[in-house]
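Student: Quick one, fold the following:
(one chain, ligands or ions: 3)
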Amino acid sequence: MTAPLLEVQGLTRHFAVKRGLVFSRDAGVVRAVDGVSFRLDRGETLALVGESGCGKSTTARLVLRLIEPTAGTVWFEGQDVTAMTGEPLRSLRKRLQIVFQDPFASLNPRMTVGEILEEPLIVHGIGDARSRADRVAALLGQVGLAAYHAQRYPHEFSGGQRQRIGIARALAVEPSLIVCDEPVSALDVSVQAQVINLLKDLQRALGLSYLFIAHDLAVVKHMADRVAVMYLGQIVEIGPAAALFANPRHPYTRTLLAAIPRPDPHRTHVQAVATGDVPSPMNPPAGCRFHTRCPLAVDRCRTEMPVLGAVGDGHSAACHRSAELPPLDAETAAASAPAAARRLALYAARRAEALATTVSATS
Ligand SMILES: Nc1ncnc2c1ncn2[C@@H]1O[C@H](COP(=O)(O)OP(=O)(O)O)[C@@H](O)[C@H]1O
Ligand code: SF4
Ligand SMILES: [Mg+2]
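Tutor: Residues are numbered from 1 along each chain as shown. Ligands and ions are numbered 1, 2, ... in the order given. Next comes the predicted model:
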């Protein structure tokens with residue numbers, strides 16, 4: 001087996017929380033990420049999915065070494081990221097880039113798009129003023145924008161266009177892995193499809209790998225080769241996307257699947273994601289962390305923490321009752337299938353539109 005591009009083992013980050021402004025004292029520890037392990041191969045997209053607060057962004061920041069882990073290791077291109085300093089860390093910043101959820105907040109409003117895209121090139125000492133200007137124009141073209149957009153400011157663009165700028169900035173230094181932290185969560189569904197298509201096209205053209213973070217399984221279905229489902233700081237199921245969608249082996253994955261919007265016009269609401277609130281990561285439940293919301297919980301689940309175990313080829317789940325789970329309930333399977341088909345049709349339509357625009361823009 002060849003070495004993976006990225007390998008994360010036992011990754012853990014606890015945040016100490018203080019209370020009181022004057023006499024601050026320790027109020028406890030938030031277990032944001034608690035023993036997360038996964039690998040990501042070259043050219044692959046691994047999706048990291050789970051409800052808000054389950055530790056997705058903290059995992060992303062640990063992988064990028066924007067924060068230090070409490071425990072665990074991150075290996076990238078054969079090097080231990082957690083031990084890097086100096087030049088190796090600088091060069092890591094070129095090979096590993098991030099696209100944020102909110103492009104407006106992550107683009108400097110006082111800089112033109114050209115300056116924004118040139119900045120990483122200057123920071124890494126790439127090229128001279130002339131070659132950098134050419135590179136900026138090429139980057140704009142790669143993300144479906146025009147060279148004259150370089151003179152404009154971020155506020156002059158739509159949300160989808162701003163995310164294209166965020167992607168162009170990540171591409172500037174020719175990374176091998178891009179961490180996409182909910183890159184489409186703030187966008188309309190039709191614009192989401194355009195941005196996802198762009199990411200897929202760029203992946204094919206440039207051989208990129210993605211760690212793609214989302215809270216919506218529907219988005220991930222057309223993007224991911226493999227999916228890791230997170231709950232309260234831990235991975236509860238991981239496997240090839242096709243196997244995980246067709247045969248989810250963790251009750252939490254099933255509730256996420258059931259939450260995919262349904263196309264039935266008579267059903268106006270989106271089914272809730274599991275019942276009850278997510279418990280606090282400061283005080284996670286004993287045993288299986290999902291037991292307070294799991295319809296299948298038994299006594300054992302309240303005392304004994306399940307570990308990830310193989311349930312199929314490259315497919316693992318952490319549930320005591322995984323083997324007992326009946327086939328995916330027909331309603332959920334049926335509900336997610338047309339919803340997915342609808343999204344696919346939408347993607348195809350937007351893609352055709354985008355291609356038509358590119359042709360008319362260049363002709
Ligand atoms: N700097 C921090 N200090 C304290 N708690 C934090 C910090 N960053 C994140 N957290 C907490 O860690 C948990 C995971 O957060 P995050 O990784 O942002 O989740 P997600 O991206 O899945 O929504 C949350 O409970 C969040 O409040
Ligand atoms: S271990 Fe028990 S509580 Fe946890 S997901 Fe499985 S059945 Fe539910
Ligand atoms: Mg987040």
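
Student: Between the two ends of stretch 227-237, how far is it?
Tutor: 8 Å (C-alpha to C-alpha, to the nearest Å).

Student: Correction: the previous question concerned stretch 220-229.
Tutor: With C-alpha to C-alpha as the measure, stretch 220-229 spans 11 Å from end to end.

Student: any idea how far that stretch is from the chain center?
Tutor: A distance of 9 Å separates the C-alpha centroid of stretch 220-229 from that of its chain, computed with C-alpha atoms, centre = their mean, to the nearest Å.

Student: contacts for that stretch?
Tutor: The contact list for stretch 220-229 (C-beta atoms under 8 Å, 6 or more residues apart in numbering) reads 38, 44-50, 196, 199-200, 210, 212, 214, 217, 235-241, 244-245, 250, 252-253, 256, 314, 340, 343-344, 347. The way it works is simple: take the backbone N, C-alpha and C, and place the C-beta from them, glycine included.

Student: is it fair to say R13 lies in a strand?
Tutor: Yes - checked against DSSP: H, G, I helix; E, B strand; the rest coil, R13 lies within a strand.

Student: Can you give me the neighbour number for it?
Tutor: 22 (other C-beta atoms under 10 Å).

Student: Can you report how many residues lie near the closest residue to P306 other than its chain neighbours?
Tutor: In this structure, P306 finds its nearest non-sequential neighbour in A318, 4.5 Å apart by C-beta to C-beta, 6 or more residues apart in numbering. Using other C-beta under 10 Å, A318 has 24 neighbouring residues.

Student: so A318 makes contact with V311?
Tutor: No - judged on C-beta atoms under 8 Å, A318 makes no contact with V311 at a distance of 9.9 Å.

Student: can you list the weak-confidence ranges in the stretch 101-250 of the chain?
Tutor: Of all residues in the stretch 101-250 of the chain, none has pLDDT under 70.

Student: longest strand in the chain, by residue count?
Tutor: Taking DSSP state E as the criterion, the chain has its longest strand at strand 25-40.

Student: all helices of the stretch 51-200 of the chain, in order?
Tutor: 56-63, 86-95, 103-106, 113-123, 129-142, 159-171, 189-206 (DSSP state H, counting those that start in this stretch).

Student: Identify whichever of those lies nearest to ligand 3.
Tutor: Nearest to ligand 3, of all the helices of the stretch 51-200 of the chain, is helix 56-63, at 3.2 Å by C-beta to the ion.

Student: can you tell me which residues contact A186?
Tutor: When contacts are counted by C-beta under 8 Å, 6+ apart, A186 touches Q101, D102, P103, G159.

Student: Identify the residues contacting stretch 298-313?
Tutor: If you take C-beta under 8 Å, 6+ apart as the criterion, stretch 298-313 is touched by 235-236, 238-240, 243, 247, 249, 285-289, 291, 294, 316-323.

Student: same thing but at 10 Å, please
Tutor: Contacting residues not belonging to stretch 298-313 are listed as 35, 37, 234-240, 243-244, 247-250, 284-292, 294, 316-323, 325 [C-beta atoms under 10 Å, 6 or more residues apart in numbering].

Student: go on, stretch 158-166?
Tutor: By C-beta under 10 Å, 6+ apart, stretch 158-166 touches 97-107, 113, 116-117, 139-140, 142-145, 149, 152, 154-157, 180, 183-184, 186-188, 190-195, 198-199.

Student: And that stretch, what's buried?
Tutor: G159, G160, Q161, R162, Q163, R164, I165, G166 (16 or more other C-beta atoms under 10 Å).

Student: so how far is P4 from the second one?
Tutor: In this structure, G160 and P4 are separated by 32 Å, where distance is defined by C-beta to C-beta, to the nearest Å.

Student: Just the contacts of stretch 298-313: which are in helices?
Tutor: The helices, defined by DSSP state H, take in A243, L244 from these.

Student: Check the contacts of stretch 298-313 one by one and keep those near ligand 2.
Tutor: Near ligand 2, taking C-beta under 6 Å from any ligand atom as the test, the members of the contacts of stretch 298-313 found are C288, F290, H291, C294, C319, H320, R321.

Student: residue contacts, the third one?
Tutor: Taking C-beta under 10 Å, 6+ apart as the definition of contact, the neighbours of H291 are 251, 279, 285, 297-303, 305-306, 320.

Student: How about the fourth one?
Tutor: Applying C-beta under 10 Å, 6+ apart, we find C294 in contact with H250, P251, Y252, R254, T255, A274, T275, G276, C288, C301, C319, R321.

Student: try 7 Å this time
Tutor: By C-beta atoms under 7 Å, 6 or more residues apart in numbering, the residues touching C294 are P251, C301.

Student: Kindly report the same for the fifth one.
Tutor: The neighbourhood of C319, defined by C-beta under 7 Å, 6+ apart, consists of R249, H250, P251, P306.

Student: could you measure it against A47, distance?
Tutor: Distance from C319 to A47, by C-beta to C-beta: 20 Å.

Student: Also the second one?
Tutor: For F290, the distance to A47 (C-beta to C-beta) stands at 19 Å.

Student: just how off-centre is stretch 219-232 within its chain?
Tutor: That offset, for stretch 219-232, works out to 8 Å (C-alpha atoms, centre = their mean).
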